[in-house]
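Chemist: Need a 3D model of the sequence below.
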Amino acid sequence: MLELEDDSVRCPFPAYEHLRNEHPVVWSDRLNAWLVSRYDDIRNVLRDAELWSNRLASGRSSVTGLAERVAADLDFPPETRRQAHRRLELSKFPVLLLSDPPLHKRQRSLVAMAFTPGGSSLWSRNSSRSSMS
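Modeler: From the prediction side, this is the model:
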């Protein structure tokens with residue numbers, strides 16, 4: 001995400017403070033995305049899906065031509081081509097985390113039950129049972 005020294009990796013809070021104070025909104029070439037570090041700015045971003053859309057970060061438009069070229073190029077090893085095909089298949093479905101309203105709301109409602117106290121306890125019981133067998 002950022003070019004951090006070892007100390008910043010162990011304790012990133014001074015780096016976060018620096019971002020908030022000196023670069024509250026900054027472009028990251030490494031992530032190909034904007035980094036927003038102040039609370040009020042983050043709230044505004046999350047509330048304005050029109051201005052701060054994720055439409056290019058998920059789904060078909062997120063796949064570069066590189067994946068298509070690799071998948072079609074027989075000079076690449078079979079495993080590399082298989083991974084490129086998998087990426088192309090996955091790109092057919094928007095990712096919940098990166099989708100915009102109203103799709104995000106619809107997808108979230110489909111998985112929300114798994115994250116309620118009752119749903120979580122069911123996951124916990126099932127994972128306990130499978131770890132005992």
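Chemist: This structure: strands as residue ranges?
Modeler: Here the chain has its strands, by DSSP state E, at 25-28, 33-36.
Chemist: what's the closest of these to Leu88?
Modeler: strand 33-36 (21.7 Å; Cβ to Cβ). (Glycine included, C-beta is placed from N, CA and C.)
Chemist: list the buried ones in the closest one?
Modeler: For strand 33-36, the buried set under the neighbour-count rule, 16 or more other Cβ atoms under 10 Å, comprises Val36.
Chemist: which other helices and strands contact that strand?
Modeler: On a contact count with 3 or more Cβ pairs under 8 Å, 6 or more residues apart in numbering; DSSP states H and E, strand 33-36 meets strand 25-28.
Chemist: so His104 sits right up against Val111, yeah?
Modeler: No - assessed by Cβ atoms under 8 Å, His104 is found out of contact with Val111, at 11.1 Å.
Chemist: picking up where we left off before, any chance of the strands of the chain in JSON lines, plus mean pLDDT and distance to Gly119?
Modeler: Listed next are these as JSON lines, based on pLDDT from 0 to 100; distance: least, Cβ to Cβ, whole Å:
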{"stretch": "strand 25-28", "mean pLDDT": "87", "distance to Gly119": "35"}
{"stretch": "strand 33-36", "mean pLDDT": "84", "distance to Gly119": "31"}
